[in-house]
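Chemist: Pasting a predicted model and its sequence here:
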Amino acid sequence: MKLPQYKSLLFPLSRAELMESLQIDHVSGAKYIHATVNPDNSHSGQNFLKRGFAVKKTVTKYGGLTRNLLEYKVNS
(Lines give C-alpha, C1' and ligand atoms only; values in the text may rest on other atoms or scores of the structure.)
Protein backbone atom coordinates (compact mmCIF):
# COMPACT_ATOMS: atom_id res chain seq x y z
CA MET A 1 0.00 0.00 0.00
CA LYS A 2 1.36 3.39 -0.94
CA LEU A 3 0.09 6.20 1.25
CA PRO A 4 -0.98 9.29 -0.72
CA GLN A 5 1.42 11.60 1.09
CA TYR A 6 4.35 9.40 0.03
CA LYS A 7 3.15 8.64 -3.51
CA SER A 8 5.78 10.73 -5.28
CA LEU A 9 8.71 11.97 -3.26
CA LEU A 10 10.70 13.95 -5.79
CA PHE A 11 13.19 15.29 -3.27
CA PRO A 12 16.00 13.51 -1.45
CA LEU A 13 15.48 12.29 2.09
CA SER A 14 17.98 13.15 4.77
CA ARG A 15 19.28 10.33 6.93
CA ALA A 16 16.99 11.45 9.78
CA GLU A 17 13.95 11.59 7.49
CA LEU A 18 14.72 8.11 6.17
CA MET A 19 14.93 6.68 9.67
CA GLU A 20 11.71 8.44 10.67
CA SER A 21 9.87 7.03 7.65
CA LEU A 22 11.04 3.52 8.55
CA GLN A 23 9.57 3.94 12.03
CA ILE A 24 6.30 5.38 10.69
CA ASP A 25 5.87 2.53 8.20
CA HIS A 26 6.66 -0.05 10.88
CA VAL A 27 3.89 1.36 13.07
CA SER A 28 1.44 1.79 10.17
CA GLY A 29 1.59 -1.88 9.23
CA ALA A 30 3.37 -1.45 5.90
CA LYS A 31 5.17 -4.58 4.73
CA TYR A 32 7.60 -2.99 2.27
CA ILE A 33 9.15 0.39 1.58
CA HIS A 34 10.40 1.14 -1.93
CA ALA A 35 12.75 3.88 -3.06
CA THR A 36 14.76 4.77 -6.13
CA VAL A 37 18.29 6.09 -6.32
CA ASN A 38 20.61 7.03 -9.15
CA PRO A 39 23.13 4.17 -9.55
CA ASP A 40 25.91 6.78 -9.87
CA ASN A 41 25.01 8.30 -6.48
CA SER A 42 27.05 5.92 -4.33
CA HIS A 43 26.67 8.03 -1.16
CA SER A 44 22.87 7.92 -1.26
CA GLY A 45 22.84 4.27 -2.31
CA GLN A 46 25.12 3.30 0.58
CA ASN A 47 22.87 5.17 3.05
CA PHE A 48 19.93 3.01 1.95
CA LEU A 49 21.94 -0.23 1.95
CA LYS A 50 23.28 0.47 5.48
CA ARG A 51 19.68 0.74 6.69
CA GLY A 52 18.61 -2.61 5.31
CA PHE A 53 17.41 -1.79 1.80
CA ALA A 54 18.31 -4.14 -1.03
CA VAL A 55 18.62 -3.35 -4.73
CA LYS A 56 15.82 -5.29 -6.44
CA LYS A 57 16.48 -4.17 -10.02
CA THR A 58 17.62 -1.30 -12.20
CA VAL A 59 14.84 0.52 -14.05
CA THR A 60 14.33 3.45 -16.39
CA LYS A 61 12.05 6.09 -14.86
CA TYR A 62 11.36 9.81 -14.84
CA GLY A 63 11.65 10.34 -18.60
CA GLY A 64 14.61 8.07 -19.28
CA LEU A 65 16.72 8.27 -16.11
CA THR A 66 18.30 5.07 -14.83
CA ARG A 67 17.48 4.28 -11.21
CA ASN A 68 18.09 1.40 -8.81
CA LEU A 69 14.81 0.22 -7.31
CA LEU A 70 15.39 -0.46 -3.61
CA GLU A 71 13.21 -2.47 -1.25
CA TYR A 72 13.07 -2.63 2.53
CA LYS A 73 11.07 -5.36 4.21
CA VAL A 74 9.45 -4.01 7.37
CA ASN A 75 9.50 -6.49 10.26
CA SER A 76 6.01 -7.05 11.58
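Modeler: Sure thing, it's come through. Numbering: from 1, shown residues only.
Chemist: in the chain, which spans are strands?
Modeler: Listed in chain order, the strands of the chain (DSSP state E) span 32-37, 54-61, 65-73.
Chemist: Between the ones you listed, which one is closest to Glu20.
Modeler: Glu20 lies closest to strand 32-37 among the strands of the chain, at 11.9 Å (C-beta to C-beta). Quick note: C-beta positions are derived from backbone N, CA and C, even for glycine.
Chemist: which parts of the closest one are buried?
Modeler: Buried residues in strand 32-37, counted by 16 or more other C-beta atoms under 10 Å: Ile33, Ala35, Thr36, Val37.
Chemist: measure the third one to Lys61 for me?
Modeler: Pointing back at Thr36 there. 6 Å (C-beta to C-beta, to the nearest Å).
Chemist: Next, show the common contact partners of these two.
Modeler: Contact criterion C-beta atoms under 8 Å, 6 or more residues apart in numbering; residues shared by Thr36 and Lys61: Arg67.
Chemist: what pLDDT does Leu22 get?
Modeler: The model reports Leu22 with a pLDDT of 66.
Chemist: For the nearest residue to Lys61 once chain neighbours are set aside, give me its contacts.
Modeler: With C-beta to C-beta, 6 or more residues apart in numbering as the criterion, Lys61 has its nearest non-adjacent residue at 5.1 Å, and that residue is Arg67. Contacts for Arg67 (C-beta under 8 Å, 6+ apart) come out as Thr36, Val37, Asn38, Pro39, Thr58, Val59, Thr60, Lys61.
Chemist: Which one, of the strands of the chain, ends up nearest to Asn47?
Modeler: Nearest of those (C-beta to C-beta): strand 32-37, 8.7 Å.
Chemist: Show me the shaky parts of the chain.
Modeler: Counting by pLDDT under 70, the chain contains low-confidence residues at 1-19, 21-27, 76.
Chemist: Many thanks, I have nothing further to ask.
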